[in-house]
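**Student:** Curious how this folds, go ahead:
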Amino acid sequence: MPQASTAESPVGPLERGLLVLRALGRAPGGRLAATGLVRETGLARSPVDRIVGTLLRLGYVREEDRDVVLAPPLLALGAAYLRGLPARLDPLAARLADALDESVSLAVPDREAARFVAQHTRRRALSVSFRVGDALPADRCAAGILFAGGWPPERYAEWAARPADPGDFPALPDPHRARASAGELRVRAGAARARGWALDDQLIEPGLIALAVPVRDPGGDVAAALSAVSHTSRHSPARLCEATLDPLRETAAAMEAALASPAGPAPAPPAPAADPTADAKRELGPGYLQSLARGLAVLASLGEVPAGMSLADVARATDLPRATARRSLLTLEQLGYVAAHDGLFTPLPQVLALGHAPLSRLSVGELAQPHLAALVGELKESASLAVLDGGDIRYVARVAASRIMSVTITLGTRFPASATSMGRVLLAGLTPEERARHLAAYPPRALTPYTRTDPAVLRRTLDDVARDGYALVDQELEEGLRSVAAPVRAADGRVVAAVNVSLHAGRTSAAEARATVLPALRATAERITADVVATGATGATGATAG
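**Tutor:** Got it, this is the predicted structure:
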């Protein structure tokens, strides 16, 4: 990564904060102890602690078991880039994946790597995919070979002379494998340029194959690579070419047409915003790195106008003085996160190296886990998250309270939806027609003397749950067990999961559950919803959307 001056300056904390975020993005699971951050960044412990404290206040990281962990709000930085070119091309990639019934990827050049910006996978026992934000070196994938085809001759020698950093490519199964020589890469890239496509025949790992074609911008440069990805158990390299080359080329042509056409009416300049860092600085004092917070706010703001924002637009969107916004933009440009052209600033693919990949594929259960732990710590009662699966709910996250007598449920456990609080929240999230079909397909049965089995009663109950925004089930699943649940929603308002607290009926009355448990439960559901919206996670599959 290009380095800006390390001399102390008003934007020095921004440079160092980006180093910390990159280190977390490279770490397994986006998690490192503070000592690990010191080791990976080369920074002293004191600035690392101040950076982490600032990132905690921004919500970009969390602390778990003394580790610093990336948090979903950080995805706002990567989204600033993804709202541009990837957003225009992604629907065409999704359509191609459906037509081919193969995994389809879209990558863009990021210095001497190919960085993935869209993924559409097929759900098979043996599937192949990368996370949005993952990068692969130029010599290890079809997309990278295509991009290398546009390099000037001297760049191959520069590439060979620059030591590879395996930590930059955590998606590689064997990042320490010797890379191709400059001559080998130049031959491969030249052949790909001549024929108009590149083949990855198990360059990444044994069995994985991919065919990539270029997507060119209006100036004729390769802006992206469109790939069909498969496995040798399904296709030979020759068969993959035969089955996918023509559809890939047709879709690439459609993508080029999309890039050449007007992007639609330019969005209005962002509305003025209040500087969110001012209150934090007053509250936390010197421990809060305001220049880091402001620099990250500048970077996130660039996604508001994908075609690029002027300095005046950025200053207005962040409520910063023009001089402050300018210093942040120049630092981001020097470090390779932002490009400037004709007075407009746009984010570059390297923004996705700031933790986007480990966050982009978190399941709804993984997103919920830290929030459930916090809820259990507050209430000292067990909490769970479930999704609707046919006629049942299926548990996908759970934190048990430390009690002598507690509710014991493991992940994957299934219960009839109609007899559980989470099931009723999930059913109440359906349309009335869908609820009716569900009750007809999965007739309720008595599990205890208290179980409601009359369809008419259940329909009224679900109407009440939809109106009230929560469900309380009293000993209908098991005698002595009382539970209360609230919905977790996607960005479009759909209920994609439900979170609940399980209670012993002899310990907490229904009235007490509504008065003391429900407010904390609703707050937790809102926090999980915010993370689901940030990541695009879906409850049914646990995968990311798009």
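
**Student:** From now on I want contacts and neighbour counts done on CA atoms only, so please keep to that.
**Tutor:** Will do.

**Student:** Val229 looks like it's in a strand, true?
**Tutor:** Yes. Under DSSP: H, G, I helix; E, B strand; the rest coil, Val229 sits within a strand.

**Student:** The nearest residue to it once chain neighbours are set aside pairs with what?
**Tutor:** Nearest-residue entry for Val229: Ala210, 4.3 Å, with adjacent residues in sequence omitted and distances by Cα to Cα, 6 or more residues apart in numbering. Here Ala210 sits in beta bridges with Asp200, Val229, going by DSSP bridges.

**Student:** Next, Asp492: phi, psi?
**Tutor:** phi -90, psi 10 (degrees, to the nearest 10).

**Student:** That one - how many residues pack around it?
**Tutor:** Other residues lying near Asp492 total 7 when counted by other Cα atoms under 10 Å.

**Student:** what's near enough to touch the residue nearest to Val229?
**Tutor:** With contact taken as Cα atoms under 8 Å, 6 or more residues apart in numbering, Ala210 is in contact with 141-142, 199-201, 227-230, 237, 240.

**Student:** how about Ser328, secondary structure?
**Tutor:** From three-state DSSP, the assignment for Ser328 is helix.

**Student:** err, Leu136, not the other one
**Tutor:** Judged by three-state DSSP, the three-state class of Leu136 is strand.

**Student:** Quick check: beta-bridge partners of it?
**Tutor:** The partner list for Leu136 in beta bridges (DSSP bridges) reads Ala114.

**Student:** For it, give me the pLDDT.
**Tutor:** We have a pLDDT of 92 for Leu136.

**Student:** hang on, it packs against Asp110?
**Tutor:** No. Leu136 sits out of contact with Asp110 when judged by Cα atoms under 8 Å, with a separation of 9.6 Å.

**Student:** bridging residues for Ile393?
**Tutor:** Leu388, Phe415.

**Student:** what about it, how many residues close to it?
**Tutor:** Applying the criterion other Cα under 10 Å, we find 28 residues in the vicinity of Ile393.

**Student:** re earlier: Leu136 and Asp110: who's more crowded?
**Tutor:** Of the pair Leu136 and Asp110, Leu136 is the one with more neighbours under other Cα under 10 Å, namely 25 against 21.

**Student:** In contact with that one: list those residues for me.
**Tutor:** With contact taken as Cα under 8 Å, 6+ apart, Leu136 is in contact with 113-115, 144, 169, 171-172.

**Student:** now do 10 Å
**Tutor:** Applying Cα atoms under 10 Å, 6 or more residues apart in numbering, we find Leu136 in contact with 107, 110, 112-116, 130, 142-144, 168-172, 175, 204.

**Student:** Same question for Pro91.
**Tutor:** By Cα under 10 Å, 6+ apart, the contact list for Pro91 reads 97, 118, 120, 255, 546.

**Student:** Filter those residues down to the buried ones.
**Tutor:** Burial of the contacts of Pro91 was assessed by neighbour count (16 or more other Cα atoms under 10 Å); the buried members are 97, 118, 120, 255, 546.

**Student:** from those, which is closest to Ser421?
**Tutor:** Lowest distance from Ser421 to those (Cα to Cα) belongs to Gly546, with 30.3 Å.

**Student:** Check the spacing between Cys451 and Glu479 real quick.
**Tutor:** Residue 451: Thr, not Cys. Taken as Cα to Cα, to the nearest Å, the spacing of Thr451 relative to Glu479 amounts to 10 Å.

**Student:** Could you look up the SS state of Trp151?
**Tutor:** Per three-state DSSP, the secondary structure class of Trp151 is coil.

**Student:** isn't it right next to Arg186, touching?
**Tutor:** Yes. Taking Cα atoms under 10 Å as the contact criterion, Trp151 and Arg186 are neighbours in contact, 9.0 Å apart.

**Student:** quick one: which of the buried ones among the contacts of Pro91 sit in strands?
**Tutor:** The members of those that map onto strands under DSSP state E are 118, 120.

**Student:** quick revisit: among the contacts of Leu136, which lie within helices?
**Tutor:** 142-144 (DSSP state H).

**Student:** Of all residues in this protein, which one is nearest the centre?
**Tutor:** In the chain, the C-alpha closest to the average C-alpha coordinate belongs to Ser360, at a distance of 2.0 Å (Cα atoms, centre = their mean).

**Student:** Who's the closest spatial neighbour of it, skipping the chain neighbours?
**Tutor:** What sits nearest to Ser360 in space, not counting adjacent residues and going by Cα to Cα, 6+ apart, is Thr535, at 5.9 Å.

**Student:** closest to Gly84 among the ones in helices among the contacts of Leu136?
**Tutor:** The shortest separation between Gly84 and any of those is 19.5 Å, and it belongs to Ala143 (by Cα to Cα).

**Student:** Report pLDDT for the closest one.
**Tutor:** Each residue has a pLDDT score; the one for Ala143 is 96.

**Student:** any idea how far it is from Ala257?
**Tutor:** The span separating Ala143 from Ala257 equals 20 Å under the rule Cα to Cα.

**Student:** Neighbour count: those two, which is higher?
**Tutor:** Set side by side, Ala143 and Ala257 show more neighbours around Ala143, with 34 against 15, by other Cα under 10 Å.

**Student:** my guess is the more buried one contacts Arg193, does it?
**Tutor:** No. Proximity of Ala143 to Arg193 does not meet the contact threshold set by Cα under 10 Å, at 11.5 Å.

**Student:** Can you check which residues contact both of these two?
**Tutor:** Shared between the contact lists of Ala143 and Arg193 (criterion: Cα under 10 Å, 6+ apart) are residues 213-214.

**Student:** Please enumerate the strands of the stretch 301-450 of the chain.
**Tutor:** Counting by DSSP state E, counting those that start in this stretch, the stretch 301-450 of the chain has these strands, from start to end: 338-341, 344-347, 383-389, 392-399, 414-416.

**Student:** what sits against the residue of the chain positioned farthest from its centre?
**Tutor:** When distances are taken from the C-alpha mean of the chain, Pro449 lies farthest, 44.6 Å away, according to Cα atoms, centre = their mean. Pro449 is in contact with 475-479, counting by Cα under 10 Å, 6+ apart.
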